[in-house]
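Peer 1: model this:
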Amino acid sequence: MKFTPQEMLQKVDHTQLKAFATWKDIQDLCDEAIAYHTASVCIPPAYIKRVNDTYGDKINICTVVGFPLGYSVTEAKVAEVKKALEDGCNEIDMVVNISDVKNGNYAAVEEEIRALKAACNGHILKVIIETCYLTEEEKIAMCHAVTNAGADFIKTSTGFGTGGATREDVELFKKYIGPNVKIKAAGGVSSLEDLEMFLSLGCDRIGTSRAVGLLKGELTEGY
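Peer 2: The predicted model follows:
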């Protein structure tokens with residue numbers, strides 16, 4: 001399946017989550033997101049208010065919670081969600097408690113996702129399960145947990161683990177998630193071929209810092 005550059009960018013969460021991201025880095029990200037009409041910018045929580053104050057409703061702000069390791073307690077994650085929304089964020093990408101997953105405590109993971117979805121108060125919640133650390137059985141259990149808890153998206157990866165999105169994981173998600181759950185691929189999405197592959201597989205969002213750079217030329221030359 002072929003996608004236009006515009007169709008691709010409308011599915012991209014334009015991302016800058018490095019620990020050393022400067023305000024100039026964030027400004028550049030936001031300016032590109034506005035110019036190229038990406039789905040959102042995904043930024044560190046500490047920058048949400050400044051971005052909202054600077055850009056207002058010209059930009060859709062996404063942030064991360066419990067990031068990147070996931071083992072914050074639920075109460076801390078809930079507090080992060082509430083503060084992010086208060087500062088002007090619209091979408092939350094949370095990391096599950098991977099230790100709970102590895103211990104087989106899937107009920108606790110589901111309960112936490114449900115708590116964060118409630119805290120989102122109608123805003124989009126994407127659940128990062130960090131597939132690189134999980135067995136197939138654990139991934140399937142996470143598909144069920146994300147579905148049962150009422151989250152909006154299941155997301156492959158933080159981009160800070162030992163591996164990122166793969167075709168196999170997205171295909172497995174499609175098999176086991178419920179009809180109301182969408183898929184976000186993230187981590188290592190670094191080429192036009194990657195973008196096309198994940199969109200063709202049915203991903204509704206792609207998390208990457210590279211899409212605008214990859215597609216700038218295509219927008220002027222025709223794709």
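
Peer 1: strands of the protein, residue ranges please.
Peer 2: Taking DSSP state E, the strands of the chain run over residues 12-15, 40-43, 61-65, 91-95, 124-128, 153-155, 182-186, 205-208.

Peer 1: okay, the ones you listed, which one's buried deepest?
Peer 2: Comparing those by mean neighbour count (mean count of other C-beta atoms under 10 Å), strand 205-208 comes out on top with a mean of 28. Where C-beta positions appear, they are placed from N, C-alpha and C, glycine not excepted.

Peer 1: tell me the helices and strands packed up against it.
Peer 2: strand 12-15, strand 153-155, strand 182-186, helix 192-200 (3 or more C-beta pairs under 8 Å, 6 or more residues apart in numbering; DSSP states H and E).

Peer 1: list the contacts of the last one.
Peer 2: In this case it means helix 192-200. By C-beta atoms under 8 Å, 6 or more residues apart in numbering, the residues outside helix 192-200 that reach it are 1-3, 7-8, 11-12, 165, 167, 170, 185, 188-189, 206, 208, 211, 214-215, 218.

Peer 1: hmm, back to that, out of the helices and strands packed on strand 205-208, which is closest to V41?
Peer 2: If you check each of the helices and strands packed on strand 205-208 against V41 by C-beta to C-beta, strand 12-15 wins as the nearest, at 5.1 Å.

Peer 1: before we move on, back to that, buried ones only from the contacts of helix 192-200, please, as a PyMOL command.
Peer 2: To isolate the buried members of these in PyMOL, using 16 or more other C-beta atoms under 10 Å:
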select buried, resi 3+8+11+12+165+170+185+188+189+206+208+211+214+215
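
Peer 1: pLDDT weak spots in this protein?
Peer 2: 1, 220-223 (pLDDT under 70).

Peer 1: go again with 90.
Peer 2: By pLDDT under 90, the low-scoring segments of the chain are 1-2, 216-223.

Peer 1: which stretches in it count as helices?
Peer 2: 5-9, 23-36, 48-55, 74-87, 98-102, 106-120, 136-149, 167-176, 192-200, 211-221 (DSSP state H).

Peer 1: by contact count, what packs against the fifth one?
Peer 2: Using 3+ C-beta pairs under 8 Å, 6+ apart as the contact definition, the elements that helix 98-102 packs against are helix 106-120, helix 136-149.

Peer 1: what residues of the shortest one count as buried?
Peer 2: Yep, that's helix 136-149 we're talking about. E138, K139, I140, A141, M142, C143, A145, V146, T147, N148, A149.

Peer 1: for the first one, same thing?
Peer 2: Within helix 106-120, the residues that count as buried by 16+ other C-beta under 10 Å are 106, 108-117, 119-120.

Peer 1: kind regards, and thank you for your time.
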